[in-house]
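**Student:** Coordinates for the following, if possible.
(chains A and B)
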Number of protein chains: 2
Amino acid sequence: MRQRRPARSAHAIPQRPFGQVPRGYEPIRVLSDDQVEAIHNAALRVLAEQGMRVLNGRALALYRSAGARVEGNMVFLDPAMVQERLATLPARFTIAARNRGKDLRFGGNDMVFSSVGGPAYVMDLDRGRRDGTLADMQDFLRLCQSLNVIQQESGGPLEPMDLPASTRHLDLYLSQITLLDKSWNLNALGTERTMDGLQMAALSMGWSLDDLARQPMMMGVINTNSPRQLDDPMSQGLIALAEHGQVAIVTPFTLAGAMAPVSLAGALVLQHAEAMFGLVLTQIVRPGVPAMYGGFTSNVDMKTGAPAFGTPEYAKAAQASGQLARRIGAPFRSSNTTAANALDAQAAYESQMSLWGCLMGGAHLVIHAAGWMHGGLTASFEKLILDAEMLGMMQAYFTPMRVDGEALSLEAIAEAGVGGHFFGTAQTMAQYETAFHAPMLSNWDSYPNWQLRGSEEAPVRANRIWKDLLAGYEAPALDAGIREELEAFVARRKAEGGAPTN
Amino acid sequence: MRQRRPARSAHAIPQRPFGQVPRGYEPIRVLSDDQVEAIHNAALRVLAEQGMRVLNGRALALYRSAGARVEGNMVFLDPAMVQERLATLPARFTIAARNRGKDLRFGGNDMVFSSVGGPAYVMDLDRGRRDGTLADMQDFLRLCQSLNVIQQESGGPLEPMDLPASTRHLDLYLSQITLLDKSWNLNALGTERTMDGLQMAALSMGWSLDDLARQPMMMGVINTNSPRQLDDPMSQGLIALAEHGQVAIVTPFTLAGAMAPVSLAGALVLQHAEAMFGLVLTQIVRPGVPAMYGGFTSNVDMKTGAPAFGTPEYAKAAQASGQLARRIGAPFRSSNTTAANALDAQAAYESQMSLWGCLMGGAHLVIHAAGWMHGGLTASFEKLILDAEMLGMMQAYFTPMRVDGEALSLEAIAEAGVGGHFFGTAQTMAQYETAFHAPMLSNWDSYPNWQLRGSEEAPVRANRIWKDLLAGYEAPALDAGIREELEAFVARRKAEGGAPTN
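**Tutor:** Residues are numbered from 1 along each chain as shown, chains lettered A, B, ... in the order given. Okay, the predicted model is just below:
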């Protein structure tokens, strides 16, 4: 076939423009309606009969004030109260980005792909695995900005270990605001980190905290300490987010066989109980505040106790979690996970199992959608590219097929003739540039050509792509006055000592 | 967690026992009912108005005798005739294996995973890509026998280039019968190869061809020459299969942008027309004979014309094909495909896209389910293991979650307590051995342990697994008298010259 496109420049990595692609197909249902009801009712029984331990006085008081039975630090919720409180949870909401053209819709058939958040280590082909630095973190953020398929940054792609723990979050937030014009998440570990994020988000828009409450921008992950515990920093984070109209993503970490029952249904009972428990608190704090149901149920390797991700159990649990979230009308957060140690076939098949599990489970937010390795311990530059490719493929898959008169192609079939070909038909000439997903990572050379060109496997190609993207990165515009205010805020908060570190 | 299982012996690769696992969930519907109808009706128009070229006299006569309009070698089918003929196509059937405990169900929610068929080359990590030999082919068959998740062998995993083309199929059939006790497919390229397969299948059971017609054992792929052509050898194969009550898998090779319209809906119109055209012929030859609808629509790289597989378009087309097959009541065949050149992340994500596409598209038969590389040009020993792992994961995913009283785990949750763990609960102790999919290929070591143990990536592990399996292979029993008859048949047919080679 003759060349119809100009040769790519070094930085012209093929990408769709930024934008959400709704899932055009019904989610997969792995549970019957009766089974959803059985898990939901069992979770209500856990909350009513076994209760949750809460390690924060204000949270205990809030639950008590709303009618919960509180004994010491144990909180028991009546099913009717759970139902009543969940009734105010919004099914949809919008998150503003600094570039309002990149605002994000949550709920319905919409999905948001959010980059990896939280790893301690960073890795790439050239430098191996190592502690992260501010420079690594900023490069990672630049790539998140450059990759259109990444719609949101997820609270810091890696810990900059070269910075003090008490003020690291301030450097993170400043980097997120200045290097991205996309939505970004904060670190909700305690009141100070949460409030610093809210203040800086508001400053970045020239808004007050009241403005921010009217149009939420910030989301933070709130992990329960499974089984059945909500700790002090996470209680603080949840309350601060909800009080200011921002989004707590309540996510139990229910590894079946370790922190949750070995029975997948039992692990989901525990997840559902803990998620509802946290969501109820958001609605006690501020009725009607948006919040999300996080599903993170996976399983451990029963021979070693090691956590496993992207397993068949993970995919099934993600789709069941979507059903459970829809049962209570909550927008659903899931993740793209793998326990693989290298960027090999295992990393890809575990991530694919995760993506099909969560996206066909109706996830509205996929955290760790790109860059997650080693069960969440490591942010990988090459995995970021691999995942971006797979996310782009899912966007193309979710784009509905055109089946109108022209698309049915009776004329093209006649034009090509018996035993002919379609390269030169009028239809092909008109549509070839946009007909199919154009990959950034996949190589479709013939085997001999692939060998002649250096036998490059996927990680080597991914390595070149992120370097090309980084070389082509352009920082988004930011008003100089706003930048000064942000820098002054960071300086003042650093002088104050930042946030507690344990 | 303490060791609860004995250490694995070298050959104790974890596997589920042989057996079909029905898909417990509804297929994904990428088309609305109206869209299915639009494609179906457009395909009927292609058959009525544009017609198909048929390069075999007997097939032309058969179509004419059934009321088709035949002009020269062009055949035009009236929609009413298509509907009438398709009405006799069975929605379900059973295929006998030499070991009747390995008979296979086709239709409904059942799936059959069939190994790679047809490549010219073979590849493994030690020896690279090369022409195939009889010894390679036989090793590949031994592995298909050893891997429980492979339920059927698919007509020869590679061409033994060290054997004459005219009689190669006889060595293949003898190897399939003696090295496997599972179902195997024949090479339907022409009457002789097809009839040799049927004769040898019957001999292997001590059956007559009439017995075989009452209980089908043999399946063969019939490719149309897209666009709109049925050639001579494929016509012969289809007719011989159908005459003897065996299963033609009618599979158009509709690469969108090359042999089919660049519009995916248009490619499906062409696929649907050609598949119906072949299926009608099976029912003219022998009303009620089982046959299958093959969907193989993928797309080309529009920059180079190279075929691409495991793309988003492939997944979407596979699921749409399932809807089209169900529209006419035909059991549906699909495939596990990739165009990757190495056993890298691309090979895994393209295969995963294919598997989710075809299995959640309702495929009853997945040909090339294990071992397919290079767009079908190469059978890979390591890809066989990678695919077996991914198929095993899909079986675990398709196994419905238990959601009965015990599985809801209220007692285990109480037993573990707040902030406790589930390693030691009574439920975990009772269920840990079977609770989760036990992988053969995935490695879940921590990163430091993985490094200490040699930093083995997936291909290296797959290489060791197939060697272990081969070392542990045991040939299934075969009656000595039957073996003699088969060998005598092969000797006689070789003396007669075998089959025509072009």
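
**Student:** Can you pull the phi/psi pair for residue A:63?
**Tutor:** As for residue A:63, its main-chain torsions (degrees, to the nearest 10) stand at phi -60, psi -40.

**Student:** surely it meets residue A:54?
**Tutor:** Yes - assessed by CB atoms under 8 Å, residue A:63 is found in contact with residue A:54 at 6.9 Å. All C-beta spots, glycine's among them, are computed from the backbone N, C-alpha and C.

**Student:** Looking at the two now, which is surrounded by more residues?
**Tutor:** Regarding residue A:63 and residue A:54, a neighbour count based on other CB atoms under 10 Å in any protein chain shown identifies residue A:54 as having more, with 27 against 23.

**Student:** And the residue of the stretch 401-502 of chain A closest to chain B?
**Tutor:** Among the residues of the stretch 401-502 of chain A, residue A:409 lies nearest to chain B; the distance is 2.5 Å by CB to the nearest CB.

**Student:** Mind checking which residue lies nearest the centre of chain A?
**Tutor:** Central residue of chain A (CA atoms, centre = their mean): residue A:367, 1.5 Å from the mean position.

**Student:** about what we covered before: okay, and the common contacts of residue A:63 and residue A:54?
**Tutor:** For the pair residue A:63 and residue A:54, residues contacting each of them under the criterion CB atoms under 8 Å, 6 or more residues apart in numbering or on different chains are residue A:75.

**Student:** surely the residue of the stretch 401-502 of chain A closest to chain B meets residue B:266?
**Tutor:** Yes - distance between residue A:409 and residue B:266: 2.5 Å, which falls inside the contact criterion (CB under 8 Å).

**Student:** any residues in contact with both of these two?
**Tutor:** Taking CB under 8 Å, 6+ apart as the contact criterion, the residues that touch both residue A:409 and residue B:266 are residue A:427.

**Student:** on that earlier part again, tell me which residues touch the residue nearest to the centre of chain A, please.
**Tutor:** Residue A:367 neighbours (CB under 8 Å, 6+ apart): A:114, A:117, A:154, A:221, A:249, A:333-335.

**Student:** and which of those residues is nearest to chain B?
**Tutor:** Minimum separation from chain B among the contacts of residue A:367 (CB to the nearest CB) is found for residue A:334, which lies at 15.3 Å.

**Student:** Tell me the pLDDT of the residue lying closest to that closest one once chain neighbours are set aside.
**Tutor:** In space, not counting the residues next to it along the chain, residue A:334 is nearest to residue A:358; the distance is 3.3 Å by CB to CB, 6 or more residues apart in numbering or on different chains. Each residue has a pLDDT score; the one for residue A:358 is 97.

**Student:** my guess is residue A:358 is in a helix, correct?
**Tutor:** Yes - counting by DSSP: H, G, I helix; E, B strand; the rest coil, residue A:358 is located in a helix.

**Student:** if we can go back for a sec, to which secondary structure element type does the residue nearest to the centre of chain A belong?
**Tutor:** Three states are possible here, and by three-state DSSP the one that applies to residue A:367 is strand.

**Student:** For it, give its distance to residue A:295.
**Tutor:** Using CB to CB, to the nearest Å, one obtains 11 Å as the distance from residue A:367 to residue A:295.

**Student:** contact partners of the helix or strand encompassing residue A:198?
**Tutor:** Take DSSP states H and E as the rule and residue A:198 turns out to sit in helix A:191-205. Applying CB under 8 Å, 6+ apart, the contact partners of helix A:191-205 are A:96, A:98, A:169-170, A:173-174, A:177, A:186-188, A:207-209, A:211-212, A:217-218, A:220, A:236-237, A:239-241, A:244, A:246, A:478, A:482, A:485-486, A:489-490, A:493, A:498-500.
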